[in-house]
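*Asks:* Predicted model follows, preceded by the sequence.
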Amino acid sequence: MITSEQIAAIREDYTLKEFNEKDLIKNPFEQFKQWFHEAISAEVNEPNAMTLATTNFSGRPTARIVLLKGINEEGLMFYTNYNSDKGKQMQSNPFAALVFFWPELQRQIRVEGRIKKVSTEESDEYFKSRPIDSQIGAHASPQSQPIEGRHIITDKLEELKKLFSETPIIRPIHWGGYILEPDLFEFWQGRASRLHDRFKFSLIEGNWVTQRLAP
């Protein structure tokens, strides 16, 4: 059995890279894209996996992993069930936070901002690009709802496969995209002795202001 002492003894000294003022790109979106490209080049496992943090109706934070599916000049996009717990939470409190962690590069990115749904056209376009089984799965799963057993969704899946073998698959109205419009980015590069490099970009009156943060 693992002990607290064994857990506390897990350590890694970060010496792979450094991140200095001269390395900064003034636009945090471009800085994000550069780091994301480097994560892909380094063959990071699922570089688009990100923690999405929201708050429930009592203000209690909740978090889970979702996948980044797009980025543009407005923000970062992902897709999910609107009726899921996170969907209801974002409807109630339209602010959220994202965290990317790429241990292969000893890097982390935090992003905070306002959440809104993408257009129905964007959701339709992305839904059509998904594998057929994933499209059917979006219809089959009452995400976040209690079920008696896995057979509930597997039976529904088989039923829908038969239905959609004769009928075109359309995007369910309860499924679609969100975009997080950032007002904060933080780029973190692990350094030796826990003296990490951290830079925060804050959106102030329409302009991005950069600060180095103590580790």
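*Replies:* Arrived safely, thanks for sending. Numbers count the residues shown, from 1 in each chain.

*Asks:* From now on I want contacts and neighbour counts done on CA atoms only, so please keep to that.
*Replies:* Will do.

*Asks:* Sort out which residues of the helix or strand Tyr79 falls within are buried, please.
*Replies:* Using DSSP states H and E, Tyr79 sits in strand 76-81. Neighbour-count burial for strand 76-81, counted by 16 or more other CA atoms under 10 Å, picks out 76-81.

*Asks:* Stretch 25-45 now?
*Replies:* Within stretch 25-45, the residues scored as buried using 16+ other CA under 10 Å are 28-29, 31-32, 35-36, 39, 44.

*Asks:* wait, which of the residues you listed is closest to Phe185?
*Replies:* Pro28 (6.7 Å; CA to CA).

*Asks:* Tell me the gap between the strand holding Tyr79 and the middle of its chain.
*Replies:* Put simply, strand 76-81 sits 8 Å off its chain's centre (CA atoms, centre = their mean, to the nearest Å).

*Asks:* Who does that strand pair with, and is each partner parallel or antiparallel?
*Replies:* Using DSSP bridges, the strands paired with strand 76-81 are strand 70-71 (antiparallel), strand 175-189 (antiparallel).

*Asks:* Give me the buried positions along the least confident helix or strand in the chain by mean pLDDT.
*Replies:* Least confident element among the helices and strands of the chain, by mean pLDDT, DSSP states H and E: helix 151-164 (a mean of 83). By 16+ other CA under 10 Å, the buried positions in helix 151-164 come out as 153, 157, 160-161.

*Asks:* Can you name the next helix or strand after the strand holding Tyr79?
*Replies:* As assigned by DSSP H and E, the chain's next helix or strand after strand 76-81 is helix 85-92.

*Asks:* what angle separates that next one from strand 76-81?
*Replies:* Per axes from the mean of the first three to the mean of the last three CA atoms, to 10 degrees, the angle that helix 85-92 makes with strand 76-81 is 120 degrees.
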